[in-house]
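Student: Here is a sequence with its predicted model. Questions after.
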Amino acid sequence: MTTLAEIPARIASHLLEIGAVALRPKQPFTWTSGIKSPIYCDNRLTMSYPEIRELIAESFAAIIRAQYPDAEVIAGTATAGIPHAAWVAQKLNLPMAYIRDKAKGHGKENLIEGIIKPGQKVVVIEDLISTGGSSLKAAVAVKDAGAEPLAVLAIFSYQLDKGVQAFAEAGIPLQTLSNYAALMEVALEKGAIQQEDVEALKAWREDPSSFGN
């Protein structure tokens, strides 16, 4: 049985194996913002692998059982957090909702789909944390509904300082199943990167805007 301490490396290993994350320090990817990045991440691929999505769901559920046992609703972020929130809610036998990135432009113009009642305690499920903006926006939507966001849980984090600071300033706990540091360790062990790449990868995490320029 996998312990919570073993989860970061195990999740990182799976993400590498299926191509959900890739490290390419010598041929960086270009984000839509124009920033050069040595990492590519698309955790939506995990939906297609039953064993991996089960590990993710059970890991989230274990964290909630241990640390947020008074959670009353599991809320996914649109769109990538939705399926994982559904699987976690099913495991915990809790109501599930999801939060749009912006209010629907017709009908009731909902920002939250499903039911989150005033006073309820909510755990938000996200797939990826970069700067934290979209996840914190979802947590604010929960607050605006009169409910309490207990925490944001995500599959993976780039561990960028901007994201860490944003969550600290908002006073919202953040926990991720795996992260950039764990990924580097696993990638080095598997030969996906070389020791000479490590410093460049660390430098990107410290200052993304300077990488590849």
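Tutor: Thanks, I have it. Residues are numbered from 1 along each chain as shown.
Student: from here on, contacts and neighbour counts on C-alpha atoms
Tutor: Will do.
Student: Tell me, how many residues neighbour Glu189?
Tutor: Neighbourhood size, Glu189 [other C-alpha atoms under 10 Å]: 13.
Student: and it, that one's in a strand?
Tutor: No: going by DSSP: H, G, I helix; E, B strand; the rest coil, the assignment for Glu189 is helix, not a strand.
Student: which stretches of this structure have low pLDDT?
Tutor: Across the chain, the ranges flagged by pLDDT under 70 are 1-2, 104-109, 212-213.
Student: residue boundaries of the helices in it?
Tutor: Applying DSSP state H to the chain gives helices spanning 7-17, 50-67, 82-92, 133-144, 161-170, 180-190, 195-206.
Student: and the third one with helix 50-67, angle?
Tutor: What separates the directions of helix 82-92 and helix 50-67 is an angle of 60 degrees, with axes from the mean of the first three to the mean of the last three C-alpha atoms, to 10 degrees.
Student: Just the CA coordinates for helix 82-92, please, in PDB.
Tutor: What follows is helix 82-92, C-alpha atoms only, in PDB (Å, rounded to 0.1, in the frame of the first residue of the first chain):
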ATOM      1  CA  ILE A  82     -13.900  18.300 -12.800                       C
ATOM      2  CA  PRO A  83     -13.300  14.600 -13.400                       C
ATOM      3  CA  HIS A  84     -11.000  14.200 -10.400                       C
ATOM      4  CA  ALA A  85     -13.400  16.100  -8.200                       C
ATOM      5  CA  ALA A  86     -16.200  13.700  -9.300                       C
ATOM      6  CA  TRP A  87     -14.100  10.600  -8.500                       C
ATOM      7  CA  VAL A  88     -13.000  12.000  -5.100                       C
ATOM      8  CA  ALA A  89     -16.600  13.000  -4.200                       C
ATOM      9  CA  GLN A  90     -17.700   9.400  -5.100                       C
ATOM     10  CA  LYS A  91     -15.100   7.900  -2.800                       C
ATOM     11  CA  LEU A  92     -16.100  10.100   0.100                       C
END
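Student: Sort out which residues of it are buried, please.
Tutor: Burial within helix 82-92, assessed by neighbour count using 16 or more other C-alpha atoms under 10 Å, is assigned to Ile82, Pro83, His84, Ala85, Ala86, Trp87, Val88, Ala89, Leu92.
Student: Can you tell me which of those residues is nearest Ser134?
Tutor: Ser134 lies nearest to Ile82 out of these, by C-alpha to C-alpha, at 13.8 Å.
Student: thinking again about what came up before, in TSV: the buried residues of helix 82-92, plus distance to Lys36.
Tutor: Listed next are the buried residues of helix 82-92 as TSV, based on distance: C-alpha to C-alpha, whole Å:
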residue	distance to Lys36
Ile82	28
Pro83	29
His84	29
Ala85	31
Ala86	34
Trp87	34
Val88	34
Ala89	36
Leu92	40
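Student: quick check, nearest of those residues to Asp127?
Tutor: Of the buried residues of helix 82-92, the one sitting nearest to Asp127 (C-alpha to C-alpha) turns out to be His84, at 8.1 Å.
Student: So the closest one sits against Gly76, correct?
Tutor: Yes: with contact defined as C-alpha atoms under 8 Å, His84 reaches Gly76; the gap is 7.3 Å.
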